[in-house]
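> Generate a structure from the sequence data that follows.
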Amino acid sequence: MAAPSPTSGGTSGFLPAERAKCSFNVAALQTMTAVALSTGDQMGKDREIFSGPPFDNEEMKDYHSYEDKFANTLARTGAAVKKLRDPANRKFLMRHMAGKVQMGTMFATGGAASIHFSMFLTFLKTNASKEQNEAWLELAQEARYFGAYAQTELGHGSNLRGLETTATLDKETDEFVIHSPTLTSLKWWPTGMYATTHGVVFAQLVIDGKNLGIHGFMMQFRDVKGHLMPGVEIGEMGPKINGDNTNIGYARFTYVRVPRFNMFAKYQQVAQDGQYTAPPKALSKFRYMSMMSIRMLIVGWSFRDLAKSATITIRYSCVRQQGFKDSTAADPLGDGVGEHCIMDYKMQQYRSFKALSVAYCFFWSAVYVSMFLMRIQSTVASGTEEEKDAAAAELPELHATLSGLKVWSTMWAHTLIEDCRKACGGQGYLRSSGVCNLSTDFAEPATVEGEQVIMSLQLARFLMKSVDDLNEGRPIVGSVEYLKEQPLGKIRMRSWKGETDQLIGLLRDRAARFAKKLSVAFKAATAKGLSFDAAINSVAVLAYKAAECHSAYIFVRNNRLALEENVPDAAVKTALTRLLDLVCLMQIRENSGDWMNALDEEQVDLISERINELLDEIRPDCVGLVDGFGFDDYMLDSTLGRFDGNVYEAIYGKAKQSPLNKTTRMVGWEHLEEIFDHDFLKAGMESQRAGKTAAKL
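Below is the predicted model of the structure:
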């Protein structure tokens, strides 16, 4: 190991030594995560496309003004689109369009482009008629304009039926009049809206005074010179928890007229005379495909950011030395004694390995829901009517599953990311640590696209309906098949080692019991004369718990299925199965009261013992497991998570970049010098000096 010196922290050998302990081939693991993280040998070549200005101005972003951050984001977005249109970069473009590389791994992207290519484009593909797609789709795919997704309002978020924006048909002019009638009807929270030219705007369709419900309308926000269109007010909302997010907007529409053609018409149509053709009941569910797509992406973000946090924390914990190995020694820093690596402390292992194992669990669920949704979208785009009907029948389960996975992936990830930050000690307080930014920035995915309680209650309603279907003899399939099983009796295990299926069975049993408890409680509430909504509110706490139990089971179920189907390497599977076991065991230990029907105190103690054994088993593999995520130093953007382990050089180098450190004279000295005692300072100048050598011993 290298010794510390004035220019080195002496840590360069720590992580190579940790990697030498790994029990599996890290490259084999990376082949499984490379698609999700856009890693691999091609990464360096791809990044060369986006080298130089304006892509290289992120290093000092923490010192930029709000307006500069916004302008820099747009500069990168514009330059990136030009790069993609360059024929020399066509191979990269094809890989990007195929989902094999993500722009966010190339440079710091912004809200306008990301929402355009996700929610807006998905809505276009799944809700526009053939004629509308001929007019709008190709230009959208080529970024010839940017579109926002304007749904939420200042006064209404999750309750979409309560939106106040109106779209009233004017038969004489063959136009819809889009209007924001109240202050609370302002569109509020659309990501990227300030920097888009167009958007899908959701409004109540009104024909001959009759309200026909929420529909989407294509609107133009800005003219060819970037000015707002007549009757359109667009603004940016101002500073948020994430100080780098400078592009979330609001909008007010004052009697804005758009052609009747601009109502999205794949499933429903309005004729010039006002005749309304409603969509088939089954196909109307496809209108919310964009929302489900972004919720699927959020599960992936939960994995990505938690995986980054675990990587930073584990690498730093294997470098950081703290606490004498023998505090009673005459010279605890000498005599071959030294200090502990903080990763050897059990609580550090518990916190960081929990984040690591849950991150992998999220990864497999992100893959699962992505494949599920892609299959549904493909059917919507090109399936037969019979296939579309079958896909529509699956949407309630997909919507319920995504509601739960979005809520609980972001809830757990947000908590664990912050715990990772705290596990990095004082260095975790610095933005340069990388984990500090992840902790604050993850407030966004934890907040957007559905409030956690409301979405949990949506899942809970699906669970209650599934229980009713079971009780009334109707078939139940998919994620709720566990409802068919009988409750577990008392379990007597001598050890929980190698009992993955039994552990998953406990989570499955809990999910079934709480779903059935919820159904019984809801029926009891309605039997007392409560209305449906009042009854739901009366059992909301139990419903929230049932949604969590279902989601926890689905996460570990997906993880188990993925290991069996996608991991052929025996050593890698063993390492990943340990992580799955740890997720299950920690969930059971931390919520042991949920299993009073099956586990007594002795069994819970055995579970705690197995957790401790797993911490020891995972310890030699921990650096290899985070290396398996495939993050490079650019993607982590962390002084603490560097691949080479040279954290102290990085921390000092980043601190030196502060504008306050450009001169030896204190910035702002002129404001203080008149209040200081100059004679006292001068006396110190005479007695204190800089030497050239160390003191003689």
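> where does residue 176 fall, helix, sheet strand or coil?
strand (DSSP: H, G, I helix; E, B strand; the rest coil).
> what's around it, how many residues?
Neighbour count for residue 176, taken as other Cβ atoms under 10 Å: 27. Using the backbone N, CA and C atoms, a C-beta is placed for each residue, glycine as well.
> any idea what sits nearest it, other than its immediate chain neighbours?
residue 167 (4.6 Å; Cβ to Cβ, 6 or more residues apart in numbering).
> ok, now residue 418?
Using Cβ to Cβ, 6+ apart, the closest residue to residue 418 is residue 439 (4.8 Å).
> how close does the one you found get to residue 141?
35 Å (Cβ to Cβ, to the nearest Å).
> which of the two has more neighbours?
A count of neighbours by other Cβ under 10 Å puts residue 439 above the other of residue 439 and residue 141, at 22 against 14.
> I'd like the distance between the more buried one and residue 622.
Counting by Cβ to Cβ - residue 439 and residue 622 are separated by 21 Å.
> ok, now residue 211?
According to Cβ to Cβ, residue 211 stands 58 Å off from residue 622.
> higher neighbour count, the two?
Each of residue 211 and residue 622 has its neighbours counted (other Cβ under 10 Å); residue 622 has more, 25 against 11.
> pretty sure the more buried one contacts residue 352?
Yes: the criterion here is Cβ atoms under 8 Å, and residue 622 meets it with residue 352 at 7.5 Å.
> who touches both of these two?
Counting by Cβ atoms under 8 Å, 6 or more residues apart in numbering, the shared contacts of residue 622 and residue 352 are 314, 343.
> Need the three-state assignment for residue 280.
coil.
> Pull the contacting residues for it.
With Cβ under 8 Å, 6+ apart, residue 280 has these contacts: residue 267.
> Show the pLDDT at it.
pLDDT recorded at residue 280 is 79.
> how far away is the spatially most central residue of the chain from residue 442?
Nearest residue to the geometric centre of the chain (Cα atoms, centre = their mean): residue 301, 2.7 Å. Taking Cβ to Cβ as the measure, residue 301 falls 8 Å from residue 442.
> do the same with residue 361
Counting by Cβ to Cβ, the gap from residue 361 to residue 442 is 17 Å.
> for residue 69, same thing?
For residue 69 relative to residue 442 (Cβ to Cβ), the value is 19 Å.
> what about these two, which has more around it?
Per other Cβ under 10 Å, whichever of residue 69 and residue 442 has more neighbours is residue 442, with 24 against 20.
> Is it correct that the more buried one is in contact with residue 414?
Yes: with contact defined as Cβ under 8 Å, residue 442 and residue 414 form a contacting pair (5.2 Å).
> returning to that earlier point: what's near enough to touch the residue nearest to the centre of the chain?
residue 445.
> On the pLDDT front, check it for me.
The model's pLDDT for residue 301 equals 93.
> cool, residue 283 as well?
At residue 283, the model reports a pLDDT of 62.
> Please apply the same query to residue 328.
81.
> Report the secondary structure state of it.
coil.
> burial of it, as a residue count?
7.
> Give me the phi and psi angles of it.
The phi/psi pair for residue 328 (degrees, to the nearest 10) reads phi -90, psi -10.
> try residue 57
phi -100, psi 20.
> ok, the residue nearest to the centre of the chain to residue 114 distance?
Residue 301 sits 11 Å away from residue 114, going by Cβ to Cβ.
> got it, and residue 373?
For residue 373, the distance to residue 114 (Cβ to Cβ) stands at 17 Å.
> Please enumerate the strands of the stretch 201-350 of the chain.
Along the stretch 201-350 of the chain, counting by DSSP state E, counting those that start in this stretch, strands occupy 210-220, 232-236, 248-253, 256-259, 269-270, 276-277, 321-324, 339-341.
> what's the next secondary structure element after the longest helix anywhere in the chain?
When the chain is parsed with DSSP state H, its longest helix is helix 385-423. For helix 385-423, the following helix or strand on the C-terminal side (DSSP states H and E) is helix 435-441.
> List the contacts of that next one.
By Cβ under 8 Å, 6+ apart, the surrounding residues in contact with helix 435-441 are 241-245, 305, 308-309, 312-313, 414, 417-418, 420-421, 424, 428-431, 637-638, 640-641.
> How about stretch 500-509?
482, 485, 487-488, 491, 493, 496, 549, 552-553, 556-557, 560, 577, 580-581, 584-585, 587-588, 595, 598-599.
> one more time with 6 Å, if that's ok
482, 488, 552, 553, 556, 560, 581, 584 (Cβ atoms under 6 Å, 6 or more residues apart in numbering).
> mind checking which of the strands of the stretch 201-350 of the chain is nearest residue 18?
Closest approach to residue 18 among the strands of the stretch 201-350 of the chain (Cβ to Cβ): strand 339-341, 8.9 Å.
> Show me what that closest one is packed up against.
Counting contacts by 3 or more Cβ pairs under 6 Å, 6 or more residues apart in numbering; DSSP states H and E, strand 339-341 packs against strand 321-324.
> counting contacts, what elements does the strand it packs on pack onto?
strand 339-341.
> Which positions in the strand it packs on come out as buried?
residue 341 (16 or more other Cβ atoms under 10 Å).
> Quick check: can you name the pairing partners of it and their directions?
Strands that pair with strand 339-341, judged by DSSP bridges, come out as strand 321-324 (antiparallel).
> low-scoring pLDDT stretches of this protein, where are they?
Low-confidence segments of the chain (pLDDT under 70): 1, 34-41, 99, 110-111, 282-288, 335, 697.
> Domain-wise, how is it divided?
Here the domain parsing of the chain from automatic domain parsing is 145-278, 293-324+340-475+489-627.
> how about these in a markdown table, adding distance to residue 82?
Below are the domains of the chain laid out as a markdown table (distance: least, Cβ to Cβ, whole Å):
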| stretch | distance to residue 82 |
| --- | --- |
| domain 145-278 | 14 |
| domain 293-324+340-475+489-627 | 26 |
